[in-house]
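> Here's my sequence, what's the structure:
(one chain, ligands or ions: 1)
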Amino acid sequence: MFGAGQPKRSGPMQLIFLFSSAVITLILFIYLITHGVPWTNFEVILLSIVTIVMIGSIVGFIFGAIRTYCWRTSISTNPTPMTQYLNPPPIGSSEAEFQNELAYNHLLQNLMGPKRNYSSDVAKFRKIFDQSQRVVALTGAGISAESGVPTFRGDGGLWRQHQATDLANPEAFERDPSLVWQFYEYRRQLVATKSPNNAHLTLAKLQKKVHPTELVRQEKYLYIVTQNVDELHSRAGSRAVIELHGSMFKTRCTGCKKVKENYNNPITPALANITEIDEKKIPRDQLPHCELCNQLLRPHVVWFNESLNPRDFEFVVELINECDLLLVIGTSSLVHPANMFAPNVARRGGTVAEFNLEPTTKLKKSFFFPGPCGESLPKIFPDA
Ligand SMILES: [Zn+2]
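Numbering: from 1, shown residues only. You can find the predicted model right below:
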């Protein structure tokens, strides 16, 4: 069935095996010690077999731990979505069963590393995609990185010696709005020079096939839920894009809270030619201000320690609760919010398909397509 990458053993089984062989060995040892030498051939053979099984289990367990360590290291150096650092908002269904499932999955990840339960069978996946009525594509930093958009995450993720986490938070903006605006203006100007890649374009074309007009029908759709703030999906021609983390090309007034699109380059004359090297001190009155109430504007993005827009999130949860197929593209399926979405879809009998450099999925009956998504998506959908 799901032949490619199927695990040779399952995590809990291995633990049970290890535990029971330890108990049997212990009982045998106690028996042999109390029984005294000389042992019979039968006893020696029995002890040898159990010892070999025991050593095998320990080696397997150590191997699993090393694999987990390597896997976690690779996760921590890969771009991660911003909401990983936020308190996960409650998902639509909050039953104890679902929480247990998450806790169980979490335990498994920590003990055994990801399970390899996925298939990479393109024909089988295409059949499911073509039959699916409601599809959600969750995209993350990986898809933007393929367009050359820096993520400022992981190793070397510094901007002017600052960690992105130290700049993209409300306290930093309160303390030094000039510095935070320079960070965002630098990124805005950089993204303006980048183009959507083949993954963005394939998704846009697929959307046009599924719902050719602006109007998205309830019974058949392909929604894009993105964690990226660069608007590359809409620039690729996508409709029905939910920007879970907002957009760098929108501003929000710190006074009247009005959200407005802003594609000015530079956004304000004082923020022209921002480089990664020159530190500028821009007076507050020369930073972007609201036309209506003259208060300071801020980028309309979800920062660390901030919650997602509840209306957007509720809508996404609704989509997740009814979709047939979830595509996880350029983001780990193990971190929030994909770790909430993917098990939910799988639990209802839906399909999860991941497009990443490394597999992170560990759900039964899921798909994984390796490599850059700008290559894998057009290959799977040559007819898009
Ligand atoms: Zn205002």
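> Every contact and neighbour count from this point should use C-alpha atoms.
Will do.
> Any stretches of the chain with poor pLDDT?
Scanning the chain with the threshold set as pLDDT under 70 gives 1-14, 36-38, 67-116, 153-157, 214, 361-362.
> can you pull out the helices in the stretch 151-300 of the chain?
164-167, 170-175, 177-192, 198-210, 232-235 (DSSP state H, counting those that start in this stretch).
> Okay, buried residues for the last one please.
I take that to be helix 232-235. Using 16 or more other Cα atoms under 10 Å as the test for burial, helix 232-235 gives 232-233.
> That helix packs against which elements?
On a contact count with 3 or more Cα pairs under 8 Å, 6 or more residues apart in numbering; DSSP states H and E, helix 232-235 meets helix 198-210.
> centre of the chain versus the helix it packs on, how much separation?
Distance of helix 198-210 from the chain centroid (Cα atoms, centre = their mean, to the nearest Å) equals 20 Å.
> Check which helices and strands it sits against.
strand 221-226, helix 232-235, helix 373-380.
> count of residues packed around the nearest residue to Val316 once chain neighbours are set aside?
Once flanking residues are discounted, Val316 sits nearest to Val225: 7.5 Å by Cα to Cα, 6 or more residues apart in numbering. When neighbours are counted by other Cα atoms under 10 Å, Val225 registers 24.
> Just list whatever residues bridge to Val225.
On the basis of DSSP bridges, Val225 is bridged to Leu138, Ile242.
> mind starting the numbering at 9 from now?
Understood, numbering begins at 9; the last thing we discussed is Val233.
> the domain parsing of the chain - what is it?
Domain segmentation of the chain under automatic domain parsing yields 19-85, 90-155+204-253+316-392, 158-201+255-309.
> can you tell which of the helices and strands packed on helix 206-218 is closest to the ion?
Set against the ion and scored by Cα to the ion, the helices and strands packed on helix 206-218 come closest in helix 240-243, at 26.0 Å.
> sorry, back to before: most neighbours per residue, which of the domains of the chain?
domain 90-155+204-253+316-392 (a mean of 19; mean count of other Cα atoms under 10 Å).
> so how far is that one off the chain centroid?
Per Cα atoms, centre = their mean, the centroid offset for domain 90-155+204-253+316-392 relative to its chain is 9 Å.
> mind listing the strands for the stretch 9-158 of the chain?
Assigned by DSSP state E, counting those that start in this stretch, the strands in the stretch 9-158 of the chain fall at 126-127, 142-147.
> which other helices and strands contact the shortest one?
Read it as strand 126-127. Under the contact definition 3+ Cα pairs under 8 Å, 6+ apart, strand 126-127 sits against strand 374-378.
> give the contact list for the residue nearest to Val324.
Residues near Val233 by Cα atoms under 8 Å, 6 or more residues apart in numbering: 144-147, 249-252, 324.
> rewinding a little: distance to the ion added to the strands of the stretch 9-158 of the chain, as TSV?
Below are these laid out as TSV (distance: least, Cα to the ion, whole Å):
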stretch	distance to the ion
strand 126-127	50
strand 142-147	31
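> Of all those strands, which one is nearest Pro378?
strand 126-127 (10.9 Å; Cα to Cα).
> Listing partners with orientation, what would you give for the closest one?
Paired neighbours of strand 126-127 in the sheet (DSSP bridges): strand 374-378 (parallel).
> Give me the contacts around the strand it pairs with.
Taking Cα under 8 Å, 6+ apart as the rule, strand 374-378 contacts 125-129, 133, 359-367, 369, 384.
> which ones are touching Phe349?
If a contact means Cα under 8 Å, 6+ apart, then Phe349 has 325, 328 as its contacts.
> what's the single longest strand in the protein?
Longest strand of the chain, by residue count under DSSP state E: strand 254-261.
> what's the angle between that one and helix 185-200?
Computed by axes from the mean of the first three to the mean of the last three Cα atoms, to 10 degrees, the angle separating strand 254-261 from helix 185-200 equals 140 degrees.
> quick one: contacts of strand 254-261?
The contact list for strand 254-261, computed with Cα under 8 Å, 6+ apart, reads 192, 196, 236-239, 266-271, 297-298, 303-310.
> Also near the ion: which of those, exactly?
Under the cut-off given by Cα under 5 Å from the ion, the ion has Cys298 from the contacts of strand 254-261 close to it.
> Restricted to strands, list the contacts of strand 254-261.
If you go by DSSP E, the contacts of strand 254-261 have 267-269, 305-309 in strands.
> Any chance of the residues you listed in JSON lines with distance to Ile57 as columns?
JSON lines is the format used below for those (distance: Cα to Cα, whole Å):
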{"residue": "Val267", "distance to Ile57": "70"}
{"residue": "Lys268", "distance to Ile57": "72"}
{"residue": "Glu269", "distance to Ile57": "71"}
{"residue": "Leu305", "distance to Ile57": "72"}
{"residue": "Arg306", "distance to Ile57": "68"}
{"residue": "Pro307", "distance to Ile57": "66"}
{"residue": "His308", "distance to Ile57": "65"}
{"residue": "Val309", "distance to Ile57": "61"}
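> now, which of those residues sits nearest the ion?
Distances from the ion to those, taken by Cα to the ion, are shortest for Leu305, at 7.5 Å.
> what about the closest residue to that closest one other than its chain neighbours, distance to Ile275?
Once flanking residues are discounted, Leu305 sits nearest to Cys261: 4.4 Å by Cα to Cα, 6+ apart. In this structure, Cys261 and Ile275 are 14 Å apart, going by Cα to Cα, to the nearest Å.
> Could you do Leu300 as well?
17 Å.
> now do Ser255
Between Ser255 and Ile275 the distance is 14 Å, computed by Cα to Cα.
> do the same with Pro220
Counting by Cα to Cα - Pro220 and Ile275 are separated by 34 Å.
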